[in-house]
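>>> Here you go, sequence then predicted model.
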Amino acid sequence: MMSFVDRHEIWTDAQQVAAESVLKRLRKGEVQVVRFSFADQHGVLRGKTLVAQEAEKALRNGVTVTTTLFAKDTSHKTVFPVFASGGGFEMPEMQGGADVLMVPDPTTFRVLPWAPYTAWMQCDLYFADGRPVPFSTRHLLKEALDELHGEGYEFISGLEVEFHVFKATGWRMEPSAAGQPGTPPDIELLTHGYQYLTELRYDQIDPVVEILRRDVMALGLPLRSLEVEFGPSQFEFTFAPQPGMATADSMILFRSAVKQICRRHGYHATFMCRPKIPNVVSSGWHLHQSLVSACDGRNIFAPEGQSGHLSDTGMHYLGGLLAHARAATAFSTPTINGYKRYRAYSLAPDRANWGRDNRGVMLRVLGGPGDPATRIENRVGEPAANPYLYFGTQILAGLDGIRRKLDPGASADVPYETPAADLPHTLAEALSCLRADDCFREGFGSAFVDYFCHIKEAELARFNAEVTEWEQREYFEIF
């Protein structure tokens with residue numbers, strides 16, 4: 001009988017070759033269990049673990065998971081009526097917690113250095129009839145990349161990721177600490193902050209950094225640098241540029257790996273943007289991007305001649321990013337917490353502008369005539385963002401700018417004083433912008449945009465129902 005993969009012609013030739021290599025490794029006994037995982041709507045890995053013998057069978061036929069995984073917010077609460085008609089998704093295939101298939105991408109096969117005899121593969125999600133699940137975010141990025149390729153371009157991107165690592169002093173595992181969500185761990189700092197890039201601070205965190213460096217490099221991720229960031233216990237890792245889907249896959253694996261590795265050694269790593277810890281500062285995620293020719297690999301953004309910051313195509317792409325910046329923040333900054341980072345004079349953007357090598361703007365243009373690394377650095381993202389959605393918005397917005405020949409306007413050399421559209425101040429404002437953006441509705445589909453907004457609005461509703469410390473302090477005595 002034909003496998004699911006073969007019946008629906010899911011894999012490329014490269015994936016078929018990679019699958020044969022995976023089978024050989026499984027049969028050698030190199031690993032005993034395989035984690036089949038997919039990145040959910042929040043960019044959080046979910047999946048199942050199979051023993052090696054069963055993993056062989058599942059390689060081409062997939063592993064079932066319930067559709068209710070698509071119905072959950074960041075507390076893991078189900079926010080769609082999954083047992084109603086259409087399951088709340090207006091799709092009969094999603095009703096009643098039905099199954100979909102996780103089909104692995106064998107090119108993502110990794111042996112996890114921190115987990116003995118354990119391998120991992122990233123999966124894509126399909127209905128039983130071979131159709132991609134429309135709420136699978138990796139599929140959405142693939143569609144955007146295919147659209148870009150149809151125009152003769154390939155997407156190149158590189159990462160600068162900031163995050164915090166703390167010493168865990170108590171994991172809060174008493175039954176009363178469980179819940180949706182549970183109580184976070186008690187922590188203490190690894191370093192005091194405000195000594196950006198000092199070697200003294202780096203040496204203090206070197207024991208932790210070395211653990212992470214060893215295992216991240218063993219995964220084959222293109223790590224470039226390991227840095228002490230500005231705040232207490234704050235790190236920054238940077239990665240070499242990669243084409244297409246590879247950078248987004250790297251981000252998903254890196255983020256999950258860091259949390260798992262740290263936990264096993266008694267540390268707590270968080271990619272939350274602005275933890276509520278005294279003196280701790282916000283973390284950002286800077287995305288470097290460019291387009292190259294699908295024919296000859298030439299950097300499309302590099303200007304010809306001796307003048308200009310970007311080529312005409314690059315300037316139009318930049319114009320598209322600015323035109324859709326307010327709507328795109330719903331994907332680049334998908335948490336309530338992330339909007340507390342947008343502050344003037346803070347090395348974080350507060351408005352949709354661009355500038356030549358200026359760290360105060362949203363879009364920083366680097367390179368120039370003759371520089372094959374000419375690129376745009378988007379400084380708006382938070383490290384908790386789902387990379388498939390974040391990257392997808394960049395491609396869709398940039399393509400819209402190229403097609404409509406949008407003009408990004410003049411460089412904002414004084415970024416916090418130059419008039420420009422404000423970035424959304426809250427997640428609610430960003431979702432309102434997203435709902436009204438025709439480019440993203442066309443690119444991702446209206447059904448996905450409405451689905452994503454519904455999940456995030458459920459988080460907002462829970463937040464608004466909480467009585468906060470601020471309210472207690474502000475009102476309890478005076479009234």
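Yep, it's here.
>>> pLDDT averaged over the helix or strand hosting residue 451, what's the number?
Assessed by DSSP states H and E, residue 451 sits inside helix 446-465. Average pLDDT, helix 446-465: 96.
>>> how about it: buried residues?
448-449, 451-456, 458-460, 462 (16 or more other CB atoms under 10 Å). For glycine as for every other residue, the C-beta is placed from the backbone atoms N, C-alpha and C.
>>> Would you mind identifying the next helix or strand past that helix?
helix 469-475.
>>> Show me where the stretch 351-479 of the chain has its strands.
With strands called from DSSP state E, counting those that start in this stretch, the stretch 351-479 of the chain shows them at 354-356, 363-366, 375-381.
>>> Figure out which of those strands is closest to residue 223.
Of all the strands of the stretch 351-479 of the chain, strand 375-381 sits nearest to residue 223, with 18.5 Å by CB to CB.
>>> List the neighbouring strands of the closest one plus their orientation.
Applying DSSP bridges, strand 375-381 is found paired with strand 285-293 (antiparallel), strand 363-366 (antiparallel).
>>> Next, format these as TSV and append mean neighbour count, distance to residue 254 and mean pLDDT.
Below are these laid out as TSV (neighbours: other CB atoms under 10 Å; distance: least, CB to CB, whole Å; pLDDT from 0 to 100):
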stretch	mean neighbour count	distance to residue 254	mean pLDDT
strand 285-293	22	11	97
strand 363-366	21	22	96
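>>> Now render those strands as CSV, adding distance to residue 345.
Below are the strands paired with strand 375-381 laid out as CSV (distance: least, CB to CB, whole Å):
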stretch, distance to residue 345
strand 285-293, 18
strand 363-366, 16
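>>> element containing residue 255?
Using DSSP H and E, residue 255 falls within helix 246-264.
>>> Got the domain ranges for the protein?
Under the assignment automatic domain parsing, the domains of the chain span 4-135, 145-464.
>>> Switch those over to a markdown table; also include distance to residue 473.
Formatted as a markdown table, the domains of the chain follow (distance: least, CB to CB, whole Å):
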| stretch | distance to residue 473 |
| --- | --- |
| domain 4-135 | 25 |
| domain 145-464 | 14 |
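>>> Show me what residue 364 bridges to in the sheet.
Those that pair with residue 364 in a beta bridge, by DSSP bridges, are residue 355, residue 377.
>>> Quick one: closest of the strands of the stretch 351-479 of the chain to residue 68.
Across the strands of the stretch 351-479 of the chain, closest to residue 68 is strand 375-381 (CB to CB), at 28.4 Å.
>>> what's the angle from the helix holding residue 255 to strand 285-293?
Orientation check (axes from the mean of the first three to the mean of the last three CA atoms, to 10 degrees): helix 246-264 against strand 285-293 gives 150 degrees.
>>> Report the backbone C-alpha coordinates of helix 246-264 in CSV.
Extracted as CSV, the C-alpha positions of helix 246-264 are listed here (Å, rounded to 0.1, in the frame of the first residue of the first chain):
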residue,chain,number,x,y,z
ALA,A,246,15.8,27.5,7.3
THR,A,247,16.1,30.6,9.5
ALA,A,248,12.6,30.2,10.9
ASP,A,249,13.2,26.5,11.6
SER,A,250,16.4,27.5,13.3
MET,A,251,14.6,30.0,15.5
ILE,A,252,12.0,27.4,16.6
LEU,A,253,14.6,24.8,17.4
PHE,A,254,16.9,27.3,19.1
ARG,A,255,14.2,28.7,21.4
SER,A,256,13.0,25.3,22.5
ALA,A,257,16.5,23.9,22.9
VAL,A,258,17.6,26.8,25.1
LYS,A,259,14.7,26.3,27.5
GLN,A,260,15.2,22.5,27.6
ILE,A,261,19.0,22.7,28.1
CYS,A,262,18.7,25.4,30.8
ARG,A,263,16.0,23.5,32.7
ARG,A,264,18.2,20.3,32.8
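>>> hmm, back to that, would you mind putting the buried residues of helix 446-465 into CSV with distance to residue 109 alongside?
Formatted as CSV, these follow (distance: CB to CB, whole Å):
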residue, distance to residue 109
448, 28
449, 33
451, 30
452, 30
453, 35
454, 34
455, 30
456, 33
458, 35
459, 34
460, 38
462, 38
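>>> mind checking which helix or strand residue 145 is in?
Short version, using DSSP H and E: residue 145 is in helix 137-150.
>>> Can I get the next helix or strand after that helix as PDB, trimmed to CA atoms?
Of the helices and strands lying after helix 137-150 in sequence (DSSP H and E), the nearest is strand 153-170. Extracted in PDB, the C-alpha atoms of strand 153-170 (Å, rounded to 0.1, in the frame of the first residue of the first chain):
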ATOM      1  CA  TYR A 153      13.400  36.100  -5.700                       C
ATOM      2  CA  GLU A 154      14.600  34.100  -2.700                       C
ATOM      3  CA  PHE A 155      14.400  35.300   0.900                       C
ATOM      4  CA  ILE A 156      17.600  35.500   3.000                       C
ATOM      5  CA  SER A 157      17.500  36.200   6.700                       C
ATOM      6  CA  GLY A 158      19.600  36.200   9.800                       C
ATOM      7  CA  LEU A 159      18.900  36.400  13.500                       C
ATOM      8  CA  GLU A 160      19.900  38.500  16.500                       C
ATOM      9  CA  VAL A 161      18.000  37.100  19.500                       C
ATOM     10  CA  GLU A 162      18.000  38.500  23.000                       C
ATOM     11  CA  PHE A 163      16.700  36.500  26.000                       C
ATOM     12  CA  HIS A 164      17.200  36.100  29.800                       C
ATOM     13  CA  VAL A 165      18.600  33.200  31.700                       C
ATOM     14  CA  PHE A 166      18.200  33.000  35.500                       C
ATOM     15  CA  LYS A 167      19.200  30.600  38.200                       C
ATOM     16  CA  ALA A 168      16.100  28.700  39.300                       C
ATOM     17  CA  THR A 169      15.900  28.600  43.100                       C
ATOM     18  CA  GLY A 170      12.500  26.900  43.300                       C
END
